[in-house]
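[1] Here's my sequence, what's the structure:
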Amino acid sequence: MKPPRMAEAMNYIDDDLVSGAITYTRKKNTGWVKWCALAACLCLVISIAIPVLQHKGGHDPVGDTAPFFLNGCYYEIVDDPAILEIYGLPKKITADMEGDHVAYIDVNFDQGFASFEETPIKTDNELYVYAPAPSRGIYVYREGDKYMAAIFCNFETFGSSNTNYELKELYRIFNVSQAEDIASISEVDWHREKVIGATVTDANEIQEFYDMTMVLDSYGNDDFQNQMFSGYSSEEKQMEAHTAFADDCRKLRVETKGGLRFYVSLYPSFSWIHASGTMSYYKIDDAMHDWINRNLND
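    Coordinates of the predicted model:
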């Protein structure tokens with residue numbers, strides 16, 4: 001990835017993925033990688049995501065990351081067993097999970113930056129379909145004889161802080177084209193490691209959730225901020241509102257029939273949903289509130 005795209009990724013890197021301990025050890029010096037991860041966190045300070053991280057989860061260690069760009073999406077290369085499990089993957093990625101070839105990757109180091117680019121030339125860095133559950137959400141990344149996962153991080157931002165995508169675009173990334181492609185919906189703790197309450201597996205309830213979220217209007221970060229926080233008289237009041245919003249966060253894990261997992265954040269008291277990777281917020285209506293009360297408030 002060239003430096004301009006790297007800078008773009010730093011501003012919109014997925015907060016769920018960054019909040020975990022992601023380790024990626026390269027054959028060459030990876031100091032740049034850790035710097036990029038820290039830069040990503042610093043960039044999040046100016047966004048709504050940072051109050052969420054500060055007030056809900058405590059300290060989450062950030063390790064080495066290696067973001068790269070492919071077909072309109074950013075991905076993180078991951079081999080940490082705990083993070084792999086969070087996304088519904090085995091704790092170790094192995095050669096037998098390798099599906100069809102997707103691309104050869106040319107990795108270049110220049111003045112402390114690494115660029116990851118597709119190349120028609122055969123290299124020792126290769127991307128494959130994740131054979132157990134093919135989708136654009138997860139790929140198998142091979143570096144020599146080492147296998148890792150390339151996990152969807154977020155969509156392309158087009159250089160705008162108001163970029164937004166409909167929630168159905170996230171469904172498509174994980175190969176969900178109908179409600180039947182969703183196996184379950186669960187509320188999880190902030191670290192996404194433990195299920196809270198009952199898991200929704202009823203086909204009718206999943207269908208209703210799918211139908212409602214497919215038609216929610218999307219708002220980019222700028223539009224969302226203006227709606228939620230522009231009316232406060234002082235910076236102190238605005239920060240209090242940010243904190244209250246962050247403390248209202250409830251995380252939902254959506255698991256596909258193929259076993260992959262992605263996450264959305266609910267803010268029911270404020271009637272918003274935020275979907276990881278979309279840079280978007282979605283307004284909840286009364287029907288969605290009824291679904292939440294029926295399925296998540298036992």
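[2] And the helices in this structure?
    Assigned by DSSP state H, the helices in the chain fall at 3-12, 15-18, 31-44, 49-56, 81-86, 167-173, 203-214, 221-229, 235-247, 286-295.
[3] How many neighbouring residues does the nearest residue to residue 268 once chain neighbours are set aside have?
    Residue nearest to residue 268 in three dimensions, not counting chain neighbours: residue 292, with 5.6 Å by CB to CB, 6 or more residues apart in numbering. Using the backbone N, CA and C atoms, a C-beta is placed for each residue, glycine as well. Applying other CB atoms under 10 Å, we find 18 residues neighbouring residue 292.
[4] I'd guessed residue 292 sits against residue 266; true?
    Yes - at 6.7 Å, residue 292 and residue 266 qualify as touching, with contact defined as CB atoms under 8 Å.
[5] Residue 136 versus the residue lying closest to residue 154 once chain neighbours are set aside, what's the distance?
    Distance criterion CB to CB, 6+ apart; nearest residue to residue 154, sequence neighbours excluded, is residue 277 at 4.3 Å. As judged by CB to CB, to the nearest Å, residue 277 and residue 136 stand 11 Å apart.
[6] Those two - which one has more neighbours?
    Between residue 277 and residue 136, counting by other CB under 10 Å, residue 277 is the more crowded of the two (27 against 18).
[7] I'd say that one and residue 167 touch.
    No - with contacts counted by CB under 8 Å, residue 277 stays clear of residue 167, the gap being 10.3 Å.
[8] Find me the pLDDT at the closest residue to residue 86 other than its chain neighbours, would you?
    In this structure, residue 86 finds its nearest non-sequential neighbour in residue 192, 5.0 Å apart by CB to CB, 6+ apart. At residue 192, the model reports a pLDDT of 90.
[9] okay but residue 192 is in contact with residue 252, surely?
    No - using CB under 8 Å, residue 192 makes no contact with residue 252, being 9.9 Å away.
[10] what residues do these two have in common as contacts?
    Listed as contacting both residue 192 and residue 252 by CB atoms under 8 Å, 6 or more residues apart in numbering are residue 263.
[11] List the contacts of residue 140.
    Counting by CB under 8 Å, 6+ apart, residue 140 touches 93, 97-99, 127-131, 147-150.
[12] Now for residue 277 and residue 136: what residues contact both?
    Contacts common to residue 277 and residue 136, judged by CB under 8 Å, 6+ apart, are 152, 173.
[13] and the gap between residue 95 and residue 277?
    Counting by CB to CB, the gap from residue 95 to residue 277 is 28 Å.
[14] Check residue 289 too.
    Noted for residue 289: a distance of 24 Å to residue 277, by CB to CB.
[15] Residue 115 and residue 67, how far apart?
    Note on residue 115: its distance to residue 67, by CB to CB, is 11 Å.
[16] more crowded one of these two?
    Ranked by neighbour count (other CB under 10 Å), residue 115 and residue 67 place residue 67 first, with 27 against 17.
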